[in-house]
Structures are given as structure tokens and as C-alpha cells.
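Give me a model of this one.
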Amino acid sequence: MLETRIKQTLRDVADFPKPGIVFKDITPVLKDPALCIEITEALAAQLKDIKIDVVAGIESRGFLFGLALAQALKVPFVPIRKIGKLPYKTIQQTYDLEYGSATLEVHEDAFKAGENVLIHDDLLATGGTVVAASKLVNQLQANVAAYSFLISLDFLNGKQRLDLFSPNTFSLVSY
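Next comes the predicted model:
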């Protein structure tokens, strides 16, 4: 089963990025090309009944499978980045972190009004970053059609926050 293979390949890193956090490191997964292909195919299969016009990947690990997923779906890929990383005119969305805040941005011409956007990231935790990405999509009058993640930390209830934007949230691995 794919979920079991992914879980066996992921690496847990204790106390990263701060004490008490167990970081789910996907880099061992990236070292297995066959597993990466299988992951991309499985993510695409989950979305077969949903109209997707664009895949938006959240910096930075959302770029890894996000671009591959866009290629599998034969749609464009748009990066959603941390502030100051994009060269053209941008729109921004600031969101709260446990201590302080952060800002995401996207090019102002990233999505056309009415487009159906899949937001992809490697991991869903509390959902704060993904909600900010969703607000960027909505600012450009596009729709959040679905979310896809390699991993979902269900015990943190991030999916509940995403339901305000789209009822379609998919992941391959849940904890």
C-alpha cells in the first residue's frame, strides 16, 4: 500500500524546527524516483473528478510535487512564495504564526478570474499557510477547487479551516 511505503520512507526529526515538534522530513522520499512517480500518479488520481485549471504550490516543498502534479494534469504551475522572492508585481497575504506573522505573495497575473486552482503543499498541519494561499487565490477572483498534500496531520484539525474555501482536501498519508 502506498501510504505504508511513504510512512516507512519518511524520516521523523525530533525537536525541529523547535523543541517538541517532530518534523516529517520528505527528503528520503525524494531520493526514490519510483516512489515519487507513484506519489504523483496517486495525487493526480485523487483529483480525476475535479476541474483543475492551475496548480499553485506553496514555497518551498509544495513546489516539489506541485510542479510534477501540474505536469501530470497538463495544467500550468504557479508558485506561491514568501515575501520578496518574486520578480514581478505581486499581491500579498499576511497570516499569523505561533510567534509573529509571515507573508505570502503571488504574481498579480497568476490566476485568471474564474479559474479553478488546486493548492498543493507537502504537509497540512494547522492550515494557516494554506488559508493565506487560499486568500491570495480569492483576491484574484479565482476559485480554490481543491487541496492536495502528501501528508496530513489530522490531529491538528487544519482541514476544518480549509473547508471554508473548498470541500475537497486530499492527502496520501495521515497521522
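
which other residues reach the helix or strand containing I91?
Assessed by DSSP states H and E, I91 sits inside strand 90-96. Residues from elsewhere that reach strand 90-96, judged by C-beta atoms under 8 Å, 6 or more residues apart in numbering: 83, 101-108, 128-129, 131-133, 135-136, 139-140. From N, CA and C alone the C-beta is placed, and that goes for glycine too.

Which helix or strand lies directly C-terminal to that strand?
With elements assigned by DSSP H and E, the helix or strand that comes after strand 90-96 is strand 101-107.

what lines up beside that following strand in the sheet?
strand 77-82 (antiparallel), strand 90-96 (antiparallel) (DSSP bridges).

Just give me how far the longest one sits from the chain centre.
How far strand 90-96 lies from its chain's middle: 16 Å, per C-alpha atoms, centre = their mean, to the nearest Å.

May I have it exported as PDB, CA atoms only?
Extracted in PDB, the C-alpha atoms of strand 90-96 (Å, rounded to 0.1, in the frame of the first residue of the first chain):
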ATOM      1  CA  THR A  90       2.600  40.800  -6.600                       C
ATOM      2  CA  ILE A  91      -0.300  40.700  -4.200                       C
ATOM      3  CA  GLN A  92       0.300  39.700  -0.600                       C
ATOM      4  CA  GLN A  93      -1.400  38.000   2.300                       C
ATOM      5  CA  THR A  94      -0.100  38.200   5.800                       C
ATOM      6  CA  TYR A  95      -1.000  35.500   8.400                       C
ATOM      7  CA  ASP A  96      -0.300  34.800  12.000                       C
END
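
Going by neighbour count, list what's buried in stretch 56-63.
A56, G57, I58, E59, R61, G62, F63 (16 or more other C-beta atoms under 10 Å).

got it, and stretch 69-76?
L69, A70, A72, L73, V75.

same deal with stretch 130-147?
Buried residues in stretch 130-147 (16+ other C-beta under 10 Å): 130-137, 140, 142-147.

Just want to check the distance between the spatially most central residue of the chain and D109.
For the chain, D121 is the residue whose C-alpha lies nearest the centre (C-alpha atoms, centre = their mean; 1.8 Å). Separation of D121 from D109 (C-beta to C-beta, to the nearest Å) stands at 22 Å.
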